[in-house]
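Student: A predicted structure for the sequence below; I have some questions about it.
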Amino acid sequence: MAGRSSIKGENPPPLSDCLVIGGGPGGMTAAIYLARMNRAVRLIDGGKSRASLIPRSYNHPGFPGGIRGRDLLARMREQLQELRVEILQDDATDVRKTSEGFFSVSIAGGRSLTGQNLVFATGLVDNLPPFENARGMVAEGYLRICPICDGFEIGGRPVCVIGSTMRAVAEARFLKTFSSSVSIVTLGETPSWEGGPDGLSSDEGIAVVTAPLASLKKTGETETSLRFADGTLLDGVVLYSALGVRPRSALAAGLGLALEEDGRIATSAHQEAAIEGCFAVGDVVTGLNQLGVAMAQGEIAAVAIHNRLRGV
């Protein structure tokens with residue numbers, strides 16, 4: 001049952017100690033820890049990690065000069081390769097519990113894998129504004145999605161938040177910590193908030209533009225210029241999207257796991273989900289969407305799985 005993943009050239013064992021779905025920081029950390037505890041682990045990576053869009057993270061501890069998301073993922077993948085962890089570069093399409101109590105995972109390439117334990121590290125998808133190549137704008141730093149990650153780098157520049165719900169209001173308020181000039185643009189949508197204790201008050205100093213967007217231009221290294229149908233111009237702003245997210249939890253639901261109200265997977269203190277032997281880590285779990293949090297959850301899950309295999 002124990003032992004590392006198979007060495008190249010050998011026939012792989014029919015049963016893994018653990019299968020990890022998702023090749024982001026959380027999933028790869030879980031796989032690294034399990035491999036270092038001499039557990040046979042396989043990683044299924046569809047190549048959709050949200051971390052790959054990070055242009056450069058300056059708030060990840062240990063990297064004072066910052067690190068690109070793709071570079072961090074590459075370093076972690078190199079660790080997995082050194083540990084001889086099998087990485088299957090494909091999407092998982094179905095997860096089932098076998099009659100023996102194991103987990104069977106089907107992948108797009110037609111292969112089926114079986115493991116005694118399972119880790120969902122499937123992450124989430126950001127709802128981005130209807131801009132041409134919005135994902136590319138995120139990767140280039142012209143469209144931001146995490147003020148906790150990079151609010152410090154605003155450096156007092158004017159900020160513009162896209163959204164028409166209380167999520168946008170909450171993000172605009174948070175960003176007042178980093179800039180005295182913060183606006184909300186709804187892109188023509190009617191705001192869903194009202195004034196008062198919970199809604200946006202006029203004395204907060206947060207401007208609201210409800211007109212449709214007429215044009216968007218990239219200016220400077222990471223700023224944008226927005227012109228609206230009513231003639232309003234927001235020039236040289238740092239642009240944030242506050243349109244919400246979609247957890248990648250369909251496989252978990254298909255397995256029979258009940259999801260949280262926000263669509264994410266509920267877990268215990270040791271990252272175990274409601275089905276014995278099933279764990280979840282990273283952004284697909286309700287909580288703070290940060291690299292360090294996902295990695296810590298991967299560590300916690302891996303140790304719990306190791307102890308479960310030990311029978312303790």
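Tutor: Nice, I can see it. Since the model is a prediction, treat every value here as computed from it, not as a measurement.
Student: all contacts plus neighbour counts: C-alpha atoms, from now on.
Tutor: OK.
Student: any low-confidence regions in the stretch 201-312 of the chain?
Tutor: Filtered on pLDDT under 70, the stretch 201-312 of the chain yields no residues whatsoever.
Student: Which parts of the stretch 201-312 of the chain are strands?
Tutor: All strands of the stretch 201-312 of the chain, identified by DSSP state E, counting those that start in this stretch, fall at 206-209, 213-219, 223-228, 233-241, 245-247, 278-280.
Student: List just the one of the ones you listed that sits closest to residue 101.
Tutor: Proximity to residue 101 (C-alpha to C-alpha) singles out strand 278-280 among the strands of the stretch 201-312 of the chain, at 11.0 Å.
Student: name the helices or strands packed onto that closest one?
Tutor: Applying 3 or more C-alpha pairs under 8 Å, 6 or more residues apart in numbering; DSSP states H and E, we find strand 278-280 packed against strand 112-120.
Student: again, only this time at 10 Å
Tutor: Counting contacts by 3 or more C-alpha pairs under 10 Å, 6 or more residues apart in numbering; DSSP states H and E, strand 278-280 packs against strand 16-21, strand 112-120, helix 250-255, helix 291-310.
Student: Which stretch among those is buried most, on average?
Tutor: strand 16-21 (a mean of 26; mean count of other C-alpha atoms under 10 Å).
Student: Any chance of JSON lines for the helices and strands packed on strand 278-280, columns distance to residue 192?
Tutor: Below are the helices and strands packed on strand 278-280 laid out as JSON lines (distance: least, C-alpha to C-alpha, whole Å):
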{"stretch": "strand 16-21", "distance to residue 192": "37"}
{"stretch": "strand 112-120", "distance to residue 192": "34"}
{"stretch": "helix 250-255", "distance to residue 192": "28"}
{"stretch": "helix 291-310", "distance to residue 192": "31"}
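Student: These: which one's closest to residue 200?
Tutor: That would be, of the helices and strands packed on strand 278-280 and by C-alpha to C-alpha, helix 291-310, which comes in at 30.7 Å.
Student: Distance from the chain centre to that closest one, please.
Tutor: 17 Å (C-alpha atoms, centre = their mean, to the nearest Å).
Student: same check, this time on stretch 15-27
Tutor: Remark: stretch 15-27 is offset 15 Å from the chain centroid, using C-alpha atoms, centre = their mean.
Student: can I get the CA coordinates of that stretch in PDB?
Tutor: The C-alpha coordinates for stretch 15-27 follow below in PDB (Å, rounded to 0.1, in the frame of the first residue of the first chain):
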ATOM      1  CA  LEU A  15      -4.100   1.200  -6.700                       C
ATOM      2  CA  SER A  16      -2.700   4.500  -5.500                       C
ATOM      3  CA  ASP A  17      -2.600   5.600  -1.900                       C
ATOM      4  CA  CYS A  18      -4.100   8.900  -3.100                       C
ATOM      5  CA  LEU A  19      -5.300  10.600  -6.200                       C
ATOM      6  CA  VAL A  20      -5.100  14.400  -6.400                       C
ATOM      7  CA  ILE A  21      -7.300  16.300  -8.900                       C
ATOM      8  CA  GLY A  22      -5.900  19.700  -9.700                       C
ATOM      9  CA  GLY A  23      -2.400  21.000 -10.400                       C
ATOM     10  CA  GLY A  24      -2.400  24.300  -8.600                       C
ATOM     11  CA  PRO A  25      -0.400  25.200  -5.500                       C
ATOM     12  CA  GLY A  26      -2.800  23.300  -3.100                       C
ATOM     13  CA  GLY A  27      -3.000  20.100  -5.100                       C
END
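Student: avg pLDDT for it?
Tutor: Here stretch 15-27 scores 98 as its mean pLDDT.
Student: do you know which of the helices and strands packed on strand 278-280 lies nearest residue 40?
Tutor: Nearest to residue 40, of the helices and strands packed on strand 278-280 and by C-alpha to C-alpha, is strand 16-21 at 5.1 Å.
Student: Run the angle between that closest one and strand 112-120 for me.
Tutor: Counting by axes from the mean of the first three to the mean of the last three C-alpha atoms, to 10 degrees, strand 16-21 lies at 70 degrees to strand 112-120.
Student: I'd like to know which elements the next helix or strand along the chain from strand 16-21 is packed against.
Tutor: For strand 16-21, the following helix or strand on the C-terminal side (DSSP states H and E) is helix 25-36. With contacts defined as 3+ C-alpha pairs under 10 Å, 6+ apart, the packing partners of helix 25-36 are strand 16-21, strand 41-44, helix 69-82, strand 86-88, strand 112-120, helix 291-310.
Student: Kindly format the C-alpha coordinates of the second one as PDB.
Tutor: Just to be clear, that refers to strand 41-44. Extracted in PDB, the C-alpha atoms of strand 41-44 (Å, rounded to 0.1, in the frame of the first residue of the first chain):
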ATOM      1  CA  VAL A  41       0.200   9.500  -5.300                       C
ATOM      2  CA  ARG A  42      -0.900  10.500  -8.800                       C
ATOM      3  CA  LEU A  43      -1.800  14.000  -9.800                       C
ATOM      4  CA  ILE A  44      -4.400  14.800 -12.500                       C
END
